[in-house]
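In: Let me see the structure of the following:
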Amino acid sequence: MDVVYFVVLVGALVFVHELGHFALAKIFGVKVLRFSVGFGPRIAGFRSRETEYVLAAIPLGGYVKLLGDTPHDVVPEKERAESLGAQPVWRRVLIVAAGPAMNLLFPLLLFFIVHLGDGLQTPSSVGTVFPGRPADGMLLPGDRVVAVDGAEIETFDQLRRIVRDSPRRALELTIEREGERHRIVLVPAATRRNLELGRSEEVGRLGIDPYHRLAVVGVHPDSAAYQAGLRSFDRVVAVDGEPVDRWIDLQAALRGRVGAVPLTYLRGETVNLGSLVDLEVARPRVANVRAPAGPGAMALRSGIESGDLYVREVISGSAEDELGIRPGDRLVTLDGHPLRNWAGYLAALEDAPDVDHELLWRRAGDIHEGTLRLPKDTGVTAAGLPYERVRVGVRPWLPSRSEPLVETPNRIAHAATRALERTGEMLTLTFYSVVRLLQGELDLDSLGGPLTIFDAAGDAAREGATNYLVLMAFISVNLAVLNLLPIPLLDGGHLVFYLVEGITRRKVPAKVRARAGLVGLIVLIALTLLAVKNDLERAFGNDEPTEALEPGEG
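Out: Numbers count the residues shown, from 1 in each chain. Below is the predicted model:
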């Protein structure tokens, strides 16, 4: 099936590109002799009036043959008015530019289709508040933002976009909290968001996300909860028979409790079903927790806290593993600052990469400390672009969920907006990639050829129609930009000749165009061979990790 996915993807992009040339030629009365999708021997085709429509054997390109589109074409006098060469230069520019233009319009359609399917979205509720960020102390988990500066919103995506575009600008948020509406003013912090190719942009952040942590607990070994049988990573699902789901629900259910409180919890167990299969199941159990008397909430007095900062897994050979951190340890402070949740820990590491961090962690009541320096993780994305990030070697267990999803408001406007944004992002990325290649700042090894597209088409199709359409959009934008490069034989090369003609009022001599075409052919062959070489090296001699492109906190 990979062959089918590849042929459909490339064939669609070639068809759209050539359709642009074809349509403008027809509009301006230029005779189209052949419309071919593919090169080489003809597989199928038909003739309609003066145009032959062909499906050819090699699905790596295509062409539209116009009357008089090369200097050596012999054009009968009676057909001269219908030839390309007889058209004013501005018409020829539009006919040539129409191909790349269609490759830029096509992603708009693809992304519109993709996002028209965004039927349900995450609501604009606060699930987690990151410490030290503008929302800290102002917003609470469970709050719902219903308006920003008086404009009503329903989804977290709407909130995130407003905040992203408003660094350092005061925003009035209308929130619902426990059935009442409140107005608060927050100023999004200006932060640099790293983009591909070493680029960055300034965006606003409040420090919230929409996902509530489920009631997974961390338990101190010298506590009433531990003595009652509760352990770290257990998930509490009921308090005294009343269901709880989120950590904040558990906190609320324990508030004001005295005496023994039965907590129903789930603990994963591995069940061996034979030599081939192990199944992990969670059986409900009950712990009767009696907190000692004293000040403070029952959860704290009984030794129960969120399991957010408890280490579930340590990657072998990682910096944390060598430091001595083990599963079950609880991260306490980083560089002297108390850690409040996992998101805050990650944010602190990302904000200060390549430096020594002083980390304190707790194990069975004992405090350990050490110096942690995390290496950078580098690799190549599925698009062939390098990436760089901090390599974190410990993982928590953070099951979470958002509030019930809501219908996307004004779905057509939403789809159109997202289509414009994503096409613009891809165009910018492709433009910068070409510039970095020309500047020598991006390795030529990052170029991909037909084998890379073949693999990507198969992978994307297996992941679903959405990923396949996104890949098609990405390659379409690349095709548009590459075709506009001022290389003879490409559309960009033709546009350069027409620009010279427009300035000098004289056509570029046929000999000059022929020699330039030969140079362009050599360049294109060299680039093709380089791309194929890179494809073969990736397929047979390169085990570097790859990852898909593509967001996060508000």
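In: tell me the SS of Arg340?
Out: Arg340 carries the three-state label coil when classified by DSSP: H, G, I helix; E, B strand; the rest coil.
In: Now for it: which residues touch it?
Out: Pro131 (C-beta atoms under 8 Å, 6 or more residues apart in numbering). Just so you know, the C-beta spots here come from the backbone N, C-alpha and C atoms, and that holds for glycine as well.
In: please redo it, this time with the cut-off set to 10 Å
Out: 129-132, 136, 306, 308-309 (C-beta atoms under 10 Å, 6 or more residues apart in numbering).
In: Asn534 too?
Out: Contacts of Asn534 (C-beta under 10 Å, 6+ apart): 384, 443-449, 451-452, 542.
In: what's the closest of these to His72?
Out: Gly449 (30.7 Å; C-beta to C-beta).
In: Verify the stated contact: the closest one with Ala531.
Out: Yes - using C-beta atoms under 10 Å, Gly449 is in contact with Ala531, at 3.1 Å.
In: can you pull out the strands in the stretch 1-150 of the chain?
Out: 32-48, 51-66, 120-121, 128-129, 144-148 (DSSP state E, counting those that start in this stretch).
In: Please apply the same query to the stretch 351-500 of the chain.
Out: Going by DSSP E, counting those that start in this stretch, the stretch 351-500 of the chain shows strands at 357-363, 366-372, 376-381, 386-390, 394-395, 400-401, 406-407.
In: Of all the ones you listed, which one is nearest Val163?
Out: strand 406-407 (18.5 Å).
In: Can you list the strands that the closest one pairs with?
Out: strand 120-121 (antiparallel) (DSSP bridges).
In: how far does the partner strand sit from the chain's center?
Out: Put simply, strand 120-121 sits 18 Å off its chain's centre (C-alpha atoms, centre = their mean, to the nearest Å).
In: now stretch 322-341
Out: For stretch 322-341, the distance to the chain centre is 29 Å (C-alpha atoms, centre = their mean).
In: on that earlier part again, between the strands of the stretch 351-500 of the chain, which one is nearest to Gly150?
Out: strand 406-407 (20.1 Å).
In: So what touches that closest one?
Out: 118-125, 154-156.
In: for that strand, the distance to its chain's centre please.
Out: On C-alpha atoms, centre = their mean, the centre of strand 406-407 falls 22 Å from the chain's centre.
In: What of stretch 145-156?
Out: Taking mean C-alpha positions (C-alpha atoms, centre = their mean), stretch 145-156 and its chain are 24 Å apart.
In: same thing with stretch 319-330?
Out: 30 Å.
In: quick one: contacts of stretch 245-256?
Out: 127-128, 140-142, 211-217, 235-240, 242-244, 261, 263, 289, 291, 297-302, 304-308, 400-401, 403.
In: switch the cut-off to 8 Å
Out: Against stretch 245-256 from outside (C-beta under 8 Å, 6+ apart): 141-142, 212-217, 236-237, 239-240, 242, 244, 261, 297-299, 302, 304, 306, 401.
In: Surely Arg283 touches Tyr265?
Out: No - the pair Arg283 / Tyr265 is not scored as a contact, 9.8 Å apart, by C-beta atoms under 8 Å.
In: picking up where we left off before, now the buried members of the contacts of Arg340.
Out: 129-131, 306, 308-309 (16 or more other C-beta atoms under 10 Å).
In: Buried residues, the strand or helix carrying Tyr226. List them.
Out: Element membership for Tyr226 (DSSP states H and E) is helix 224-227. For helix 224-227, a neighbour-count test (16+ other C-beta under 10 Å) marks 224-226 as buried.
In: name the helices or strands packed onto that helix?
Out: strand 217-219, strand 278-290 (3 or more C-beta pairs under 8 Å, 6 or more residues apart in numbering; DSSP states H and E).
In: for the record, mean pLDDT for the first one?
Out: What that stands for is strand 217-219. Average pLDDT, strand 217-219: 94.
In: Is the residue nearest to Pro353 when sequence neighbours are not counted bridged to anything, and to what?
Out: Distance criterion C-beta to C-beta, 6 or more residues apart in numbering; nearest residue to Pro353, sequence neighbours excluded, is Val390 at 5.1 Å. Counting by DSSP bridges, Val390 forms beta bridges with Lys376.
In: how many neighbours does Pro292 have?
Out: Pro292 is flanked by 10 other residues according to other C-beta atoms under 10 Å.
In: Quick check: pLDDT value at the closest residue to Gly303 other than its chain neighbours.
Out: Computed as C-beta to C-beta, 6+ apart, the closest residue to Gly303 that is not its neighbour in sequence is Ser223, at 2.1 Å. The per-residue pLDDT reported for Ser223 equals 92.
In: what does Asn103 give?
Out: 96.
In: Could you find the closest non-adjacent residue to it?
Out: Nearest to Asn103 is Ala480, by C-beta to C-beta, 6+ apart, at 3.7 Å.
In: how close does the one you found get to Phe28?
Out: 21 Å (C-beta to C-beta, to the nearest Å).
In: Compare those two (neighbour count), which wins?
Out: Neighbour count, other C-beta under 10 Å: between Ala480 and Phe28, Ala480 has more, with 26 against 15.
In: Can you pull out the low-pLDDT segments for the stretch 301-450 of the chain?
Out: 378-388 (pLDDT under 70).
In: Quick one: the helices in it, in order.
Out: Counting by DSSP state H, counting those that start in this stretch, the stretch 301-450 of the chain has helices at residues 319-323, 342-351, 411-438, 450-463.
In: Burial check on the residue nearest to Gly303, number of neighbours?
Out: 20.
In: need the contact list for it.
Out: Going by C-beta under 8 Å, 6+ apart, the list of residues near Ser223 reads 302-304.
In: Which of these has the largest number of neighbours?
Out: Highest count within the contacts of Ser223 by other C-beta under 10 Å belongs to Ile304, 30 neighbours.
In: Tell me the spacing between that one and Pro399.
Out: With C-beta to C-beta as the criterion, Ile304 and Pro399 are 17 Å apart.
In: how far away is Ala364 from Asp222?
Out: Taken as C-beta to C-beta, the span from Ala364 to Asp222 is 9 Å.
In: What of Asp321?
Out: 26 Å.
In: Please say which of these two ends up with more neighbours.
Out: Taking other C-beta under 10 Å, Asp321 and Asp222 do not tie; Asp321 has more neighbours (14 against 10).
In: List the residues that contact the spatially closest residue to that one that is not a sequence neighbour.
Out: In space, and not counting its chain neighbours, Asp321 is closest to Val314: 5.1 Å by C-beta to C-beta, 6+ apart. Listed by C-beta under 8 Å, 6+ apart, the contact set of Val314 reads 320-321, 325-327, 393-395.
In: Put the buried members of the residues you listed into a PyMOL selection.
Out: Selection of buried members from these for PyMOL, criterion 16+ other C-beta under 10 Å:
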select buried, resi 320+325+393+394
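In: of the contacts of Val314, closest to Ala516?
Out: Closest to Ala516, out of all of these and judged by C-beta to C-beta, is Gly393, at 54.9 Å.
In: Neighbours of the residue lying closest to Ile475 once chain neighbours are set aside, how many?
Out: Leaving aside its chain neighbours, Ile475 sits nearest to Leu13 (6.2 Å; criterion: C-beta to C-beta, 6+ apart). Leu13 has 23 neighbouring residues, counting by other C-beta under 10 Å.
In: and Leu13, what is it in contact with?
Out: With C-beta under 8 Å, 6+ apart, Leu13 has these contacts: 103, 106, 472, 475-476, 479.
In: if we can go back for a sec, may I see the helices and strands packed on helix 224-227 arranged in CSV, with distance to Pro41 and mean neighbour count as well?
Out: Compiled in CSV, those are given as follows (distance: least, C-beta to C-beta, whole Å; neighbours: other C-beta atoms under 10 Å):
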stretch, distance to Pro41, mean neighbour count
strand 217-219, 68, 24
strand 278-290, 55, 14
